[in-house]
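S.K.: Test case, fold it:
(2 chains)
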Amino acid sequence: METRYILKKDHLAPWLRRVAKSHRVVAPVKNRHGDTLYAEIDGLDKVELDLAGQPQASAKSFFLPQQEVLFTYRTGKGGYEFHEPATPAPATVYFGLRSCDLSAILYTDVVFMGRHKDPGYRRRREGAILISIACHQPHPNCFCHATKSGPFLEFGYDLQFTDLGTRFLVEAGRSRGETLISQWRPFFSEAAEEDVKLQYQLALEANGLFRRNVDVGCAVRKLAEGEVAEGIWRELADRCQDCGGCAYLCPTCTCFTIRDEKLGPEHGERLRCWDACTLEGFSRMAGGHNPVAREQHALKRRFQHKLRDDVHKHGRPSCVGCGRCVGICFGGVDIVGFIDRLSEEDLP
Amino acid sequence: MSDCGCRKGNEQAENDKNGGNSYLPWPARIEAISEENSQIKTFVLAFSGDKRQQDYRYLPGQFLMVSVPHCGEAPISISSTPTRPGSVHLSVRRAGLLTNAMHGLAVGDTVGLRGPYGRPFPLETFRGKDLLFVAGGIGLAPLRSVINHALDSEHDGRIEILYGSRSPEDIAFKADIATWEATPKVSCRLTVDVASPGWEGEVGVVTRLLPQVDLDPKTSVALVCGPPLMIRFVMAELSRMGYSDERIITTMERHMKCGLGACGHCHMDDRLVCVDGPVFSLAELRGRDVVELRDKP
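M.R.: Residues are numbered from 1 along each chain as shown, chains lettered A, B, ... in the order given. The predicted structure follows:
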């Protein structure tokens, strides 16, 4: 059994301050507008950590930036040269990741560090230490219990924190996490049996606190068996407003586009930017032909990808149940709306 | 690798292996350009660096990501055969921003190349079989690679080529066609949608040529490439003629941004055309939502 530790809440800031001396630290921070977002912390005393609320965006942009320079180029007089920018990725501790957001990183690892080794993603990911905070107060739109990506994690983290009131229970999942403890061992004590029992109790209770009952299994089965009526896809297409918001906000949506930004007659940069498969032009080819019809590009392929193709390829859906798309979709055709629609058909 | 990340020597192959920047193109010089018709030009390209060119390996059916200054990248299938080393050919039809800009380039200009990418034609399964090629327009480009590969490697079966163009003026790869027509075990039939004065050949869509094919579907393989609608009609007709789904092979054109299986643009049901294709047998396409098979495209 892995060793479990106790970190008193009073010790959190002093420990993080020491960690911050050798690492960049990213954590959920409540800003002056009241928004909670993962942000790089520049001085722990200057920010308000928010370990209870759900950050409004996932940590995706730290690994797959919304826009990134792949390389710069020079052209002219028959020449055409490409130069890779020097973009070091500092060793970063991600502290206070929600379970769903950490699970999403494990999925994006498959996309960018599997068959294709993405240089930028890999650089940022290899220098990352992931510390999650277990959720014993699920947020209103959460359903990670249904996607098996929370509220408490069993693997994938370097460290997992559980809030036990006056103290945190800390579990080390990987050696990199263990190192962060052993380096500053005096802050930590070994967990007692009742700490572990309390965590178990909180995990059980958390599973009963979800306000949404999303039947992900039903949707996975119906998609696998091709049982989704065409009318449903048409309705989704009708109500989707092509804003791309769901995909940009989704922690596991990784589609991107690549384009050149001309900076002068003889030089420019090649940029990679987020893209969304729900957008009209996503599969349109030069000349105008689009092999994907509106009924398919608007949400069908997105939901099929997450709930059917990824189940087929990786054994589990790539929706992590964070519920953020529920809040952003004004057409009401987010993934929860879709899954609910499928499971309602089964009701008597 | 040097600190600034500039490409030198044969670094790309090494980078690709070592997980370096797979998005960095390699400069390639335009050695020659031949105008196939008013819309299609074939660019003969050689990599900067003799060693790079010497070590360069690809197979018929694979494609390259081509960079043109300020225009980004586009996937273009290779129309030359690796049996003729020293250069790589890309036959490019004017379609969008990048291809139009490429048509404006001259001998001596440089483009950027990444690749080769994608699953090639299953050449090893062609041994001892007759080959039927059915192409429309620019669709002959990837098939030209296979045809010339088969001829150079003394393919031990017969070769029949059916090629449809919009008009006699639109017939591309005329020099290749002349060579093929003069090769004993090759038969080459052309058709045009609309004849012009002086055209004495066939008129009509390329499926009209299929009844003239004198090959046994049980011992031959059909390779099809062209516009989606043409692919659909030709594959249906080949099935009727008795070609099994495994013996009907096509190569698909899709919007692509990375060629590496990551950007998602070439998503075709549960497949990514850039890594799972672009070459697919009809057996692999059946049951999938593919425009080339759809009744109402």
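S.K.: Contact partners for A:Pro151?
M.R.: For A:Pro151, the contact set (Cβ atoms under 8 Å, 6 or more residues apart in numbering or on different chains) comprises A:Ser99, A:Ala134, A:Cys135, A:His136, A:Pro138, A:Cys142, A:Cys144, A:His145, A:Ala203, A:Ala206, A:Asn207. C-beta coordinates here come from the backbone N, C-alpha and C atoms, glycine included.
S.K.: Report the contact partners of the first one.
M.R.: What it means is A:Ser99. Taking Cβ under 8 Å, 6+ apart, one finds A:Ser132, A:Ile133, A:Ala134, A:Cys135, A:Cys144, A:Ser149, A:Gly150, A:Pro151, A:Phe152, A:Leu153 in contact with A:Ser99.
S.K.: Tell me the one of these nearest chain B?
M.R.: The closest of these to chain B turns out to be A:Ser149 (Cβ to the nearest Cβ; 21.0 Å).
S.K.: just checking, that closest one touches A:Ser318?
M.R.: No. With contact defined as Cβ atoms under 8 Å, A:Ser149 and A:Ser318 do not form a contacting pair (9.6 Å).
S.K.: re the thing from before, pLDDT check: weakest of the contacts of A:Pro151?
M.R.: Lowest in pLDDT among these is A:His136, which has 87.
S.K.: State the number of residues packed around it.
M.R.: Neighbourhood size, A:His136 [other Cβ atoms under 10 Å in any protein chain shown]: 20.
S.K.: and the gap between it and A:Gln199?
M.R.: 9 Å (Cβ to Cβ, to the nearest Å).
S.K.: and A:Tyr38, what are its bridge partners?
M.R.: A:Pro28 (DSSP bridges).
S.K.: That one reaches A:Phe62, doesn't it?
M.R.: Yes. The pair A:Tyr38 and A:Phe62 passes the contact test of Cβ under 8 Å, sitting 6.9 Å apart.
S.K.: Which residue of those two possesses the greater neighbour count?
M.R.: A:Tyr38 (23 against 19).
S.K.: sorry, back to before: which of the contacts of A:Pro151 fall within helices?
M.R.: Here DSSP state H is the test, and these give A:Ser99, A:Cys144, A:His145, A:Ala203, A:Ala206, A:Asn207 as lying in helices.
S.K.: Against A:Ala229, how distant is the last one?
M.R.: If I follow you right, that is A:Asn207. In terms of Cβ to Cβ, A:Asn207 sits 32 Å off from A:Ala229.
S.K.: how about the residues of the stretch 51-200 of chain A near chain B?
M.R.: A:70-71, A:73, A:75, A:78-86, A:111-112, A:115-119, A:122 (Cβ under 8 Å from any Cβ of the partner chain).
S.K.: Show the pLDDT at B:Ile161.
M.R.: pLDDT, read off for B:Ile161, is 97.
S.K.: now for the strand or helix carrying it, which elements pack on it?
M.R.: Here B:Ile161 sits within strand B:159-165, counting by DSSP states H and E. Judged by 3 or more Cβ pairs under 8 Å, 6 or more residues apart in numbering or on different chains; DSSP states H and E, the packing partners of strand B:159-165 are strand B:130-136, helix B:140-152, helix B:174-181, strand B:186-192.
S.K.: Pairing partners for that strand, with directions?
M.R.: Applying DSSP bridges to the sheet, strand B:159-165 is found paired with strand B:130-136 (parallel), strand B:186-192 (parallel).
S.K.: from those, which stretch is densest packed?
M.R.: Across the strands paired with strand B:159-165, averaging neighbours per residue (mean count of other Cβ atoms under 10 Å in any protein chain shown) puts strand B:130-136 on top, at a mean of 25.
S.K.: Taking helix B:140-152 as reference, get the angle to that one.
M.R.: With axes from the mean of the first three to the mean of the last three Cα atoms, to 10 degrees applied, the angle from strand B:130-136 to helix B:140-152 works out at 160 degrees.
S.K.: for chain A, what helix or strand is lowest in average pLDDT?
M.R.: helix A:294-297 (a mean of 68; mean pLDDT, DSSP states H and E).
S.K.: Pull the residues that contact the next helix-or-strand element following that one.
M.R.: Later in the chain than helix A:294-297, the nearest helix or strand by DSSP H and E is helix A:300-304. Helix A:300-304 has contacts (Cβ under 8 Å, 6+ apart) with A:219, A:223, A:233, A:236-237, A:246-247, A:253, A:277-278, A:292, A:335, A:338, B:267, B:269-270.
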